[in-house]
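Trainee: with the sequence up front, the predicted model follows.
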Amino acid sequence: MIKRETYMSRIRPFIGNDLVKVLTGIRRSGKSVMLDLIKKELLASGIDDRQIIFINFENMSNARLCTAAALHDEIIRRASELEGKVYLFFDEIQEVDAWEKCINSFRVKLDCDIYVTGSNARLLSGELATYLAGRYVEFVIYPFSFAEFIELYRTVCPDADIRQCFSRYLTAGGMPYLSNLRYDETASRQYLRDLFNSVELKDIVKRNNIRDVDTLERIIAYITSNIGTTFSSTAVSRYLKSEGRSVSPDTVLNYIKACTDAFLFYRVKRQDLQGKKILTVNEKYYVADHGVREAVFGGNRKDINLVLENIVFMELLRRGYSVTVGKAGDREINFVCEDRGQKLYIQVSYLLASEDTVSREFGVYDRVRDNFPKYVVTLDEFDMSRDGIKHRNIRDFLLAKEWN
């Protein structure tokens with residue numbers, strides 16, 4: 001188990017206070033491990049283990065607690081037998097019907113510190129917003145970064161250098177459990193396929209009562225093949241029609257929304273840098289884990305330019321940036337990143353193999369007049385920085401502690 005200090009440093013200031021800590025993210029991204037890490041910190045600080053109540057709702061032995069009334073009665077009974085503050089951990093809370101009312105009741109009736117995890121973004125919409133408005137804080141847990149991947153991969157392959165680690169990361173992705181499989185290629189592929197099927201069935205199909213699973217799968221395949229490419233729901237609708245499936249753009253949008261709610265994809269809006277406004281058409285999507293893309297659909301090395309872009313995008317989210325695609329005249333900057341008033345521009349490419357490529361990738365910044373850092377990130381080994389624009393090898397870029 002690695003400590004995932006990036007997340008712990010954000011969660012730690014909220015430990016012990018009355019805000020409900022909500023950990024979300026794609027299934028198997030490490031949310032349960034984060035609960036274990038928080039629990040260990042509590043124990044290390046002197047909290048008695050008996051004060052901690054930990055329930056995983058994917059465990060069948062807890063199926064009887066999957067209604068708000070049953071869970072409420074169980075926790076109130078167990079808390080009444082304890083003295084002092086109780087620490088409540090609920091893993092995959094979305095399995096409990098009307099769980100929001102239950103959590104709110106604990107917050108009001110008990111001296112408690114509450115942590116919940118869930119695999120659906122709608123945890124933070126609807127009734128939760130009503131019952132807990134202003135009383136929760138969310139932390140999105142993502143698959144492993146490249147730095148985290150190296151830490152575990154080298155427990156399996158201790159002699160692997162940075163290039164070898166990145167080559168494996170490019171196809172394996174960052175799902176934490178792969179280290180338990182010792183990153184065996186066949187076993188990893190099988191695990192990731194089963195994970196994808198679980199996300200599709202439990203978090204998308206069942207949760208949204210989707211009946212036309214074939215159409216859903218075609219939409220997922222289209223988006224996965226076109227990560228980092230601008231397209232509209234109308235374009236997807238036309239593509240499906242060419243395959244003999246008549247699907248309206250609105251239905252396409254609903255299915256994509258179900259996928260983003262399950263954290264399978266992340267949507268990125270486009271921003272007109274000159275007009276300083278968000279554009280409402282032709283957004284981009286990226287997949288939560290590029291290893292799942294390789295296992296289910298293949299082609300990560302063939303589409304390496306798109307996959308490198310996906311890897312950088314997910315790293316930006318991990319570091320807390322809000323990200324848009326920048327439109328500057330007739331050119332497009334892959335990522336415009338903002339965090340607490342600071343801005344960063346990033347252009348991602350495979351290799352700067354010709355002067356034309358160099359001119360194109362660096363030239364996207366010609367119309368950007370501010371003094372915020374601007375990067376071109378590639379797999380090249382040599383530094384080609386010019387005109388104040390920084391060129392970085394993607395491995396070095398991902399491992400850098402700071403970019404500003």
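Mentor: Great, that's in hand.

Trainee: now do Gln274, the pLDDT please.
Mentor: For Gln274, the pLDDT comes out at 73.

Trainee: surely it forms part of a helix?
Mentor: No - in this structure, Gln274 is coil, not part of a helix, as judged by DSSP: H, G, I helix; E, B strand; the rest coil.

Trainee: that one: neighbour count?
Mentor: Gln274 is flanked by 13 other residues according to other CB atoms under 10 Å. C-beta: built from backbone N, CA, C; applies to glycine.

Trainee: same question for Phe313.
Mentor: By the criterion of other CB under 10 Å, Phe313 has 26 neighbours.

Trainee: that one: which element?
Mentor: helix 304-318 (DSSP states H and E).

Trainee: contacts for that helix, please.
Mentor: 6, 140, 142-143, 145-146, 169-170, 174, 227-229, 266, 268, 286-290, 293, 300, 323, 334-335, 337, 346, 348-350, 377-379, 394, 397-398 (CB atoms under 8 Å, 6 or more residues apart in numbering).

Trainee: and the buried ones among the residues you listed, selectable in PyMOL?
Mentor: Buried subset of those, written as a PyMOL selection, criterion 16 or more other CB atoms under 10 Å:
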select buried, resi 140+142+143+145+146+169+170+174+227+228+266+268+286+287+288+289+290+293+300+323+334+335+337+346+348+349+350+377+378+379+394+397+398
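
Trainee: so what's Leu37 closest to, chain neighbours aside?
Mentor: Met8 (6.1 Å; CB to CB, 6 or more residues apart in numbering).

Trainee: correct me if wrong: that neighbour contacts Asp36.
Mentor: No - Met8 is beyond contact range of Asp36, at 11.4 Å (criterion: CB atoms under 8 Å).

Trainee: how far off centre is stretch 352-360?
Mentor: 32 Å (CA atoms, centre = their mean, to the nearest Å).

Trainee: for that stretch, buried residues please.
Mentor: Buried-residue list, stretch 352-360, by 16+ other CB under 10 Å: 352, 358.

Trainee: what are the phi and psi values for the closest residue to Ala258 other than its chain neighbours?
Mentor: Of all residues not flanking Ala258 in the chain, Asn208 sits nearest, at 4.4 Å (CB to CB, 6+ apart). With angles defined as degrees, to the nearest 10, Asn208 sits at phi -110, psi 10.

Trainee: please apply the same query to Gly84.
Mentor: phi 90, psi -170.

Trainee: okay, the helix holding Phe313 in CSV with CA atoms only?
Mentor: What follows is helix 304-318, C-alpha atoms only, in CSV (Å, rounded to 0.1, in the frame of the first residue of the first chain):
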residue,chain,number,x,y,z
ILE,A,304,0.1,7.3,-28.8
ASN,A,305,-0.4,11.0,-29.5
LEU,A,306,-4.0,10.8,-28.1
VAL,A,307,-2.9,8.6,-25.2
LEU,A,308,-0.1,10.9,-24.2
GLU,A,309,-2.6,13.8,-24.2
ASN,A,310,-5.0,11.7,-22.0
ILE,A,311,-2.2,10.9,-19.5
VAL,A,312,-1.3,14.6,-19.2
PHE,A,313,-4.9,15.6,-18.8
MET,A,314,-5.5,13.1,-15.9
GLU,A,315,-2.3,14.4,-14.2
LEU,A,316,-3.7,17.9,-14.4
LEU,A,317,-6.9,16.8,-12.6
ARG,A,318,-4.9,15.0,-9.9
